[in-house]
Structures are given as structure tokens and as C-alpha cells.
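Novice: Quick one: sequence plus predicted model below, questions after.
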Amino acid sequence: MADRGASALSLPDDWPAHPDPILALNRMGSFDWDLDTGLIHMDAQAHEVFEMRPDEFDGHPETLSVRFPAAEAYRLDALVAQAMKDGSENYGTYFRMRCRDGTLRWTHTQGYIRRDETGRPRRIIGIVRDATQELGEIAARRDQAAQDEARRRQTNVVQLTTAALAHARTVDDVIDVLKDTHGLTRLGATSLVMGLVEAGRIRLVADGPDGAFVPGTRVTRIDEPYPMSEVVRTLSPRFIESPEEFAECYPILWPHITGLNITSAAYLPLIAQARPIGAMGLLYSDRRGFSPEDRNVLLALGSSIAQSLQRAMLYEQEMDLAQGLQQAMLPRSIPSVPGADVAVRYRAASIGGAGRDIGGDWYDLIPLPGGRVGAVIGDVQGHDTHAAAVMGQLRIVLRAYAAEGHPPATVMARASVFLHELDTDRFATCLYAEADLATGVVQVVRAGHIDPLVRETDGTCRRVPVEGGLPLGLSAEFGRLAYPVGTLELFPGQTLLLCTDGLVEQPGADLDDGMKTLTALIAAGPDDVRDLADCLIDVADERGGDDDVALLLLRRRGLDLPQSGGRLQQHVAPGDAEALAEARHMIRAAVRAWGAEGLADELELVADELITNALMHTEGSAVVTLRVLTGSDRRLRVEVEDSSSALPRRRDAGECGVSGRGLLVVELLSDVWGVEARGGGKCVWAEFVVPERG
């Protein structure tokens, strides 16, 4: 055959003189195909490749058909024909060849097409070789790559699921991560079930997708013949590798899930701190069996999910405790206040957009004698159960001090001392406003808190700057318990708004900008205080944030209120000109509100004289109190207390004297005046009869 092929046509110039040894060294056989005659010459190595003896091959391509499956022969013919047709110089391919024993073996061929001057194919020179080892190595590399890819995917499953679970704060968050479409995709499962152990039973908390719930399995006993019960009992995973195994082992459950086309399943115990807290089942419809790597990945996932569930359960328990404590500490209801509309709101902090946290914000409304009311807003440092506990104690003592009748500055100072002596590292900001709804006079004390706001009758809103002191606890620690008292006048229809900084502060924004935003929001809000409170808290909800929000709105209605029993008080320290001005403002506003405008000048002058005497001739502050007295006639009484027991005495001022006329002015302008002993000090008072109107 070799001679016949050699004589049929001459070898090309670039063909080696002795190709057989060269190709044999590379375990290749050569062939020379004369396209004019159709005969193929093959060397000895090529015969070995095709497993044909020289006497079995007559040079015709048809003789080789016994070595080619029909599909492979058709594919090779089409490949060579296309190469000759489109002008290609060569071709190459792998094909399957049938050996003598009938088995198939991979073989490789490559041909070089020789053409004449017109481009017509005349001859194909090429090689054939056994490709079993080569493709075996390729297949091995492919298998190894597939295994590496599978390992990478499995590692990604653990990493992605663990990363998603890291953001889960509650049990529902954990379930949402696993039930989410992407979660099931990551796990590779078609369906998921999860149950938690409660009082010796398993309560189903998750099943998916929709329609996968099996009736009667919402709550099951641990001793029942279900796979989740089994893994909880044994603390060992259960891998079900085929539908037949599932049907055989769990005949009660299998009929209910046949519609899901389940081919395998993995049930994992969820173990935390060496005890089962639940179980999880992953059901598959596209796989049979679990490799050791698959089982290890699923066990790692089960451990991660169990830890996340335990963390979520502990978080929910702490939240329930903290919320219960805070609800117990906050006022259960706000008392009805004659002459005012009141609305309060509280919103817990939202941490990370998931769930609510607990804190120390609080509000309170304290009815006081004489038509007065105390409004409190405060914020204990921190967001935990301890902050809520401190808040509750502080709210109670502050309410008690106010109810005892102490003036606002004293209420705040005593609350600060209490917090300091509570042996806690927390401090608190607070604002206490005592409003006389008959007069509209509001006395405000601020301990490190943000300023109050007032909404006018026309809807506009303004911030009311109030001089403040240190936060509660810190003022006692540093010995700075003298809280200045600010006075403002609340006219009928105006609304006083107190809030904590959670309603004002925004990440990255200045506090003043936050106050401007809040005032604009209040101005654009509804008129009713309850609707306005809802609007503000809704905005806080939409914005989120990691701080609580407490809110109190008090609107003076301006109804006719009883005028008896009114009382206002102001502290004036030596050298405190602002406090003296506040006292004058308080007196004028109260006298006008009580219908005694004609006495305003006389009352203010007498109060000035009494305050001046107290500051000049005693040591310490003066306390100015204005009262309404009723009886046979209606009277206004101004009192000035000091810490000296020495009684005032008249002095002869002389014609050119600049002092000594104070008591003379008091005697001339008031209807009656006198002195009372008060503990270690005294009280100098003067009364004015209010003329009947009309």
C-alpha cells in the first residue's frame, strides 16, 4: 500500500525525505490522500492508530468506514468538504474511532490541503494519532477545574449566607434571609422549612416557597416520625439522597410533598451552646446524593444559621424586656388639662434600618395647683435597658419634686442631685416648663437640652432661646446647681413644643440647620396638636435614625379659667440683671392676664423695691412670688423671700438721700404689707386690691 501511494503522486518539496521515523517518535501516523484517484496511503504507524493490518486496507476511504461510527463519519466528511470548499489550507479535529474490541477511543487528525494553480484541491497530507491520553488529561483538568469551581461556589455559599445573616437582628430577619429568592438560590435548594424548639415541641416558623406548607406540621412533637423531629432528637443531620429513600423513611410526610418533585433533602439540627434550638430542612429537585464536600458545607451553614438564630432570639428577649420596662416607666396616660390641648408621642430608635432599639427619652405632664401644669421632656444617655431604668426613676422623682410645689429651678436642681447620687455613670438632658394657663406665663428651666419652640396662631413657628445649665447629674457633680429660669408668655391659640434631639439632629447636619428644618415642618403642619404630633413622628419614622424621639405639644385654648389660686415664681440672683428683667416681665404678663392691668406699674415698682432690699441687705438670692388671693375681695400679693432673718426697717432718707425710701414706696402704693418668718429667712409681702370691672 505504501508503494502504491508513493507511485501515485510525488511528495511535496517541503515533505521530509523520511517522515515515518519522525512521526513515529511522536506516536503519530501519516497519510497521503490523492484526491484525483481517491486513494489514501498510510504508513505503518497510521495502521496501528486505526488498528488495521496492511493487508486489511486497500487504500479506499470506504474501507476505513468500519472504524467510524456513522455520526463521526458524517461529521468528518462534512468537515473536510467544507475546508476544501472555502479555500482553507488545513483542518483538524478530534473524533471517536471504534477499536477491534468494539470500544470507542478518541483520535485526532490534522490535514494539509495542496492545491494547483487554479486553487483546485489535489492532495491532502496529514497525520493521525491516538488522543486517549491527551483527552484524558484534558478531562482530568476539566474535572479538577469543575471540582475547584464547585468548591469555590460552596465557599461562596457559606460566605454570602453568613454575610447576609450578619445583618439579621431578629428571628424574622434570619427567616427573610433564608426565604428570600436569592437566599434559596445561594443554598441551591428548591424549598426550605425551619422550626424552633419550644416547650418540647417544634413550631414551624418558615416554609417556602408558597404552597410548600404541609398541613398538620405547624406544631409537631419531637417524638413524631418527621425528619426535623429526628434531627432534634439525635442532634445529627439527616441526608436523604433519593425520592425512594424519602418515601421509605418518612411515609407520612412524603405524599404531601410529591408535587414539589423532590429528589433529595438535607435536614440539619440547629445547635447553639450544645442544645438544639431548632431544625432546618433544605429540599432539592435537581440533585441526587450529597458528596462529603456538600455535607461539610451544609453543616457549616447550619452552624452559622444556628448562631444567628440564637443571637436574634437573645436580642428579641432583651428588646421585649427593655420595651416592657420603658412602657412601664413612661406615663400610661396623659391627664386632661383644663384650658389646654396636649399631645405626646414616642418613637424608639431604628438601628441600621432593621428593628427598634430602646433608649432613655421620656415625656411627662404634671397637673399642679392653681391651674398650672408642668411639662417635662428629657433624654437619659444611652440606648439600653439601663438607660430606660434610669429614665423611669428620674421621671418619678422629678414629678414628685414638682408636685411638692418647688419652683422650676429647684425641681431641676434636686433632680440633678438625685441622678448624681444614683451611682450611675449616666447623665440626662432635660427641659421643664411650668405653665400658668390662666395667665399664659411659662417658666422654663433647661438642663443641657435643646430649646423649646412656639407655634403662633398664624401657623408660623419660632425657636425660643432659653439660658440653660449643665445636664442633670453633671451639674451636681461640678457643684453648679443654680439653673436660670426663662419666662415666656403663651397666648391663646399658641402651641408650646418640647422634643428630644432625635427629632432635630440628622447625621452630618448642623443642629441649627435641624432646628430650622423642624420649625419649617411645624409651620407647614396641621393645626390640631394631635395631627401635628402624628405628622412630626411620621417624618421621624421615614427619616429613621439611631436616636429616640420624644415629643410633647401643649396648646393654650384661651377658655375662661378660674382666676383663684394663681401663683408664679422667679429666682433673682445678685448681679443677675436678666433674672430681674424676667421677673418684671412675669409680673406684667400675669397682672394683664388676671385682669388687673391698672395695677401693673404699682406692682412692678413695689416688687423692684422689695427685690432690691433683699439683694442689697442680705446674702444670697431673692425669690419673687406673685399670687392671686380670693375672699371678700380679690387681691394680688407679691412676696420676696430671702435667707436673712433680719427684719426690714425704715430709714430717713433726707432731702438729698438716694436710698431709704423703699419701704415708704411700698407703704404708699400697696394696700397692705408685712413681714413673715420663713425657716431661716423671711418673706416681705405686699397686697393690692383688684378693682371690680365695670
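Specialist: Yes, it's here. Residues are numbered from 1 along each chain as shown.
Novice: so what does the longest helix seen in the chain touch, helix or strand wise?
Specialist: If you go by DSSP state H, the chain has its longest helix at helix 292-329. Applying 3 or more CB pairs under 8 Å, 6 or more residues apart in numbering; DSSP states H and E, one finds that helix 292-329 contacts helix 132-166, helix 171-179, strand 264-272, strand 275-284, strand 356-357, helix 385-403. Every C-beta, even on glycine, is put in place using the N, C-alpha and C of the backbone.
Novice: got the angle between that helix and helix 385-403?
Specialist: In terms of direction (axes from the mean of the first three to the mean of the last three CA atoms, to 10 degrees), helix 292-329 departs from helix 385-403 by 10 degrees.
Novice: Just the mean pLDDT for helix 292-329, thanks.
Specialist: Average pLDDT, helix 292-329: 78.
Novice: Ok, stretch 258-270 next?
Specialist: Averaged over stretch 258-270, pLDDT sits at 87.
Novice: Who does the lengthiest strand in the chain pair with, and is each partner parallel or antiparallel?
Specialist: For the chain, the strand that runs over the most residues, judged by DSSP state E, is strand 104-115. Paired with strand 104-115 in the same sheet, following DSSP bridges, are strand 90-98 (antiparallel), strand 121-130 (antiparallel).
Novice: Out of those, the one nearest Leu282 is which?
Specialist: Across those, Leu282 has its closest neighbour in strand 90-98 (39.6 Å, CB to CB).
Novice: Just the buried positions in the closest one, please.
Specialist: Tyr91, Phe95, Arg96, Met97, Arg98 (16 or more other CB atoms under 10 Å).
Novice: Now tabulate these in CSV and tack on pLDDT and distance to Gly302.
Specialist: Converted to CSV, the buried residues of strand 90-98 look like this (pLDDT from 0 to 100; distance: CB to CB, whole Å):
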residue, pLDDT, distance to Gly302
Tyr91, 92, 55
Phe95, 89, 48
Arg96, 87, 45
Met97, 89, 50
Arg98, 90, 50
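Novice: Just the closest of the residues you listed to Ile257, please.
Specialist: Nearest to Ile257, judged by CB to CB, of the buried residues of strand 90-98 is Arg96 at 42.4 Å.
Novice: Please name the residues that touch the closest one.
Specialist: Applying CB atoms under 8 Å, 6 or more residues apart in numbering, we find Arg96 in contact with Pro69, Glu72, Leu104, Arg105, Trp106, Thr107.
Novice: What's opposite the third one in the beta bridge?
Specialist: When assigned by DSSP bridges, Leu104 has beta-bridge partners Arg98.
Novice: Pro69 is in contact with that one, correct?
Specialist: Yes. Judged on CB atoms under 8 Å, Leu104 makes contact with Pro69 at a distance of 7.2 Å.
Novice: related to what we said a few turns ago, list only buried entries from the contacts of Arg96.
Specialist: Glu72, Arg105, Trp106, Thr107.
Novice: So what's the residue count around the residue nearest to Tyr250 when sequence neighbours are not counted?
Specialist: Of all residues not flanking Tyr250 in the chain, Pro227 sits nearest, at 6.0 Å (CB to CB, 6 or more residues apart in numbering). Pro227 has 21 neighbouring residues, counting by other CB atoms under 10 Å.
Novice: pLDDT wise, what is Pro227 at?
Specialist: So Pro227 comes in at 92 (pLDDT).
Novice: Please enumerate the shared neighbours of Leu104 and Pro69.
Specialist: Residues touching both Leu104 and Pro69 by CB under 8 Å, 6+ apart: Arg96, Arg98.
Novice: unless I'm mixing things up, Gln393 is touching Leu422, no?
Specialist: Yes. Using CB under 8 Å, Gln393 is in contact with Leu422, at 6.8 Å.
Novice: hey, what's in contact with both of those two?
Specialist: By CB under 8 Å, 6+ apart, no residue touches both Gln393 and Leu422.
Novice: which residues does Val205 contact?
Specialist: Val171, Ile175, Met194, Gly195, Leu196, Gly278.
Novice: Grab the nearest non-local neighbour of the fourth one.
Specialist: Closest residue to Gly195 apart from its sequence neighbours, by CB to CB, 6+ apart: Ile202 at 4.0 Å.
Novice: Shouldn't that neighbour be within a strand?
Specialist: Yes. Assignment of Ile202 by DSSP: H, G, I helix; E, B strand; the rest coil places it within a strand.
Novice: residues near it, how many?
Specialist: Count around Ile202 with other CB under 10 Å applied: 24.
Novice: show me what contacts it?
Specialist: Contacts for Ile202 (CB under 8 Å, 6+ apart) come out as Gly195, Leu196, Val219, Thr220, Arg221, Ile222, Met228, Ser229, Val232, Gly278, Ala279.
Novice: In the stretch 551-694 of the chain, what residue spans correspond to strands?
Specialist: 567-572, 622-629, 635-642, 672-678, 681-689 (DSSP state E, counting those that start in this stretch).
Novice: nearest to Ile127, of those?
Specialist: Nearest of the strands of the stretch 551-694 of the chain (CB to CB): strand 567-572, 110.9 Å.
Novice: what's the average pLDDT for the closest one?
Specialist: The pLDDT scores in strand 567-572 average 79.
Novice: Put together TSV for the contacts of Arg96, with pLDDT on each row.
Specialist: Below are these laid out as TSV (pLDDT from 0 to 100):
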residue	pLDDT
Pro69	88
Glu72	87
Leu104	88
Arg105	87
Trp106	88
Thr107	90
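Novice: Next, format those residues as JSON lines and append distance to Leu309.
Specialist: Below are the contacts of Arg96 laid out as JSON lines (distance: CB to CB, whole Å):
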{"residue": "Pro69", "distance to Leu309": "57"}
{"residue": "Glu72", "distance to Leu309": "57"}
{"residue": "Leu104", "distance to Leu309": "53"}
{"residue": "Arg105", "distance to Leu309": "55"}
{"residue": "Trp106", "distance to Leu309": "52"}
{"residue": "Thr107", "distance to Leu309": "58"}
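Novice: what's the closest of those to Ser336?
Specialist: Closest approach to Ser336 among these (CB to CB): Trp106, at 93.7 Å.
Novice: In contact with the closest one: list those residues for me.
Specialist: When contacts are counted by CB under 8 Å, 6+ apart, Trp106 touches Tyr94, Phe95, Arg96, Met97, Asp130, Ala131, Thr132, Glu134, Leu135.
Novice: same thing but 6 Å
Specialist: Listed by CB atoms under 6 Å, 6 or more residues apart in numbering, the contact set of Trp106 reads Tyr94, Ala131, Thr132, Leu135.
Novice: With Leu552 instead?
Specialist: Val344, Tyr363, Ala375, Ile377, Leu498.
Novice: What is the burial count for the fourth one?
Specialist: When neighbours are counted by other CB under 10 Å, Ile377 registers 24.
Novice: same check, this time on Arg463
Specialist: 16.
Novice: I'd say it and Arg455 touch.
Specialist: No. Counting by CB atoms under 6 Å, no contact exists between Arg463 and Arg455, whose distance comes to 11.0 Å.
Novice: Against Ala400, how distant is Asp534?
Specialist: Relative to Ala400, Asp534 is positioned 31 Å away (CB to CB, to the nearest Å).
Novice: Ok, Lys85 next?
Specialist: Taking CB to CB, one finds Lys85 at 105 Å from Ala400.
Novice: higher neighbour count, those two?
Specialist: Each of Lys85 and Ala400 has its neighbours counted (other CB under 10 Å); Ala400 has more, 15 against 9.
Novice: Please name the residues that touch that one.
Specialist: If a contact means CB under 6 Å, 6+ apart, then Ala400 has no contacts.
Novice: hang on, the earlier thing: Trp254: which of the strands paired with strand 104-115 is closest?
Specialist: Per CB to CB, nearest to Trp254 of the strands paired with strand 104-115: strand 90-98, 42.6 Å.
Novice: I'm done for today, thanks for sticking with me.
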